[in-house]
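Asks: Take this sequence and fold it.
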Amino acid sequence: MEVQINKVKYDRKAGKVTIEYDQIRNDIDDDIKIVLTSSDTPLPEFIEKLNALSSHVESICKLPDGYCSQAEIRGVSFSHTNDIMGAVITALIPIDSANSPVVINTPHLPSDQYSEGGSSPVLGQKCIFLLKGLMHYAQRYIEGEREKGPQTEINFDHPKE
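Replies: Next comes the predicted model:
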């Protein structure tokens with residue numbers, strides 16, 4: 001069964017991960033749409049991939065260098081059309097003049113031209129690499145690979161009489 005990631009969101013303040021995905025079944029025509037919401041901390045690589053997208057938000061939106069240095073990348077919405085991935089990246093940027101951040105959504109950009117010979121803007125190769133890495137770690141999260149928290153050891157041995 002194939003999984004197609006449609007949205008990845010990580011709210012650090014609330015400690016919540018939300019992943020929207022489709023389970024694509026080749027044996028039937030139905031796709032199963034699933035929303036996973038969990039308080040389990042994702043693997044560090046998951047967070048690293050999100051954080052690394054801040055410089056791409058700057059370049060896609062033509063923002064000044066360093067504008068997104070304090071940004072929290074909240075999530076990515078993915079599209080999948082004709083085997084071409086597209087993405088919108090959401091960043092929260094704190095500002096001193098308000099109690100809430102500025103929210104920036106990049107314009108939707110595909111990883112490649114939708115038509116041969118097209119000249120529309122597309123995602124850069126480094127950004128595509130990060131987005132594919134994020135999807136990989138989102139799939140691992142779905143499969144149960146998460147940051148290990150403190151665990152209590154329980155002794156099930158019976159006392160000897």
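Asks: List the residues that contact residue 35.
Replies: 18-20 (Cβ atoms under 8 Å, 6 or more residues apart in numbering). Placement of C-beta: from N, CA and C, glycine included.
Asks: And the residues you listed, which of them are buried?
Replies: Among the contacts of residue 35, the ones that count as buried by 16 or more other Cβ atoms under 10 Å are 19-20.
Asks: shouldn't residue 77 be in contact with residue 85?
Replies: No - using Cβ atoms under 8 Å, residue 77 is not in contact with residue 85, being 11.2 Å away.
Asks: Each with direction, which strands does the lowest-mean-pLDDT helix or strand in the chain pair with?
Replies: Ranking every helix and strand in the chain by mean pLDDT, DSSP states H and E puts strand 31-38 at the bottom, with a mean of 92. Partners of strand 31-38 in the sheet, by DSSP bridges, are strand 16-24 (antiparallel).
Asks: what does the strand it pairs with rub up against?
Replies: Against strand 16-24 from outside (Cβ under 8 Å, 6+ apart): 1-11, 31-40, 42, 75, 138, 141-142.
Asks: and if we set it to 10 Å?
Replies: Here strand 16-24 makes contact (Cβ atoms under 10 Å, 6 or more residues apart in numbering) with 1-11, 30-42, 46-47, 75, 77-78, 80, 135, 138-139, 141-142, 146.
Asks: Next: stretch 137-153.
Replies: For stretch 137-153, contacts defined as Cβ under 10 Å, 6+ apart pick out 3-8, 10, 17, 19-21, 23, 34, 36, 38-50, 76, 78.
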